[in-house]
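S.K.: here is the input, now give the coordinates:
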Amino acid sequence: MRINSHTLPLIAARARRGRVVAFDTETTGGTAWDEICQIAAAEFIDGALARTLALYVRPTCRVNPWAEAIHGLSDAFLRENGIAPEEAMQRFFDFVGDGALLVAHNAAFDLRMLRQECCKFDLCFACADTEICDTLALSRRLRPDLPNHKLATLIELLPVDGVNSHDALDDALACAGAFFTLLGSPRTTASA
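M.R.: From the prediction side, this is the model:
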């Protein structure tokens, strides 16, 4: 969804009264040959945290050493704790379901990785018709005064709860915090 003067009121209304799913991925690297090794999502209904999903994924390729240095997920850990990519993607798409506003920070990267995963494992990209809001674009539009629009910067300079730890669930929750804070929408973190 483009962030402009026409869509901002719609996005803000969805934040107050609607279903928002913030998500994040961690990957084996950033190329067309890399895969998702962790995916997480947090569902908010009318601004209240309803449930979360966090999955480690067993990739079919090796984790790039620079990626492991960022998120700490090793090949051995993922072999032992990860689930098959096909199962992880199905569980993620089932979690997102229909009618949600999907939110991610730098959504283009995460969506590219989701599409790449679906293509590689012959899965249907079940979010094709889902509305998507990128908190990176939202921050650039609403807070041009900030020195940059990295998630860590938003956490540091705005009253955003959360940490940018490069754990997919932590980052999804921080992304949701940035989303609700930027829109000035109340949000509760009590889980249902």
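
S.K.: which residues sit in contact with Arg140?
M.R.: Listed by CB atoms under 8 Å, 6 or more residues apart in numbering, the contact partners of Arg140 are Ile3, His149. Glycine gets a C-beta too; all of them are placed from N, C-alpha and C.

S.K.: separation between it and Leu182?
M.R.: In this view, Arg140 and Leu182 are 10 Å apart by CB to CB, to the nearest Å.

S.K.: kindly report the same for Val21.
M.R.: 17 Å.

S.K.: same question for Asp122.
M.R.: Look at Asp122 and Leu182: by CB to CB, they are 37 Å apart.

S.K.: so for those two, which residue has more residues nearby?
M.R.: Legend: neighbour count by other CB atoms under 10 Å for Asp122 and Leu182, higher for Leu182 (21 against 7).

S.K.: any idea how far Met1 is from the more buried one?
M.R.: Computed as CB to CB, the Leu182 to Met1 distance reads 14 Å.

S.K.: what lies in contact with the worst-scoring helix or strand of the chain on mean pLDDT?
M.R.: Every helix and strand of the chain was ranked by mean pLDDT, DSSP states H and E. The lowest is helix 8-16, at a mean of 90. Residues from elsewhere that reach helix 8-16 (CB under 8 Å, 6+ apart): 1, 3, 20, 46-47, 101, 131, 133, 138, 141-142, 179-180, 183-186.

S.K.: run the last query once more with 10 Å
M.R.: For helix 8-16, contacts defined as CB atoms under 10 Å, 6 or more residues apart in numbering pick out 1, 3, 18, 20, 44, 46-47, 100-101, 103, 131, 133, 138, 141-142, 176, 179-180, 182-187.
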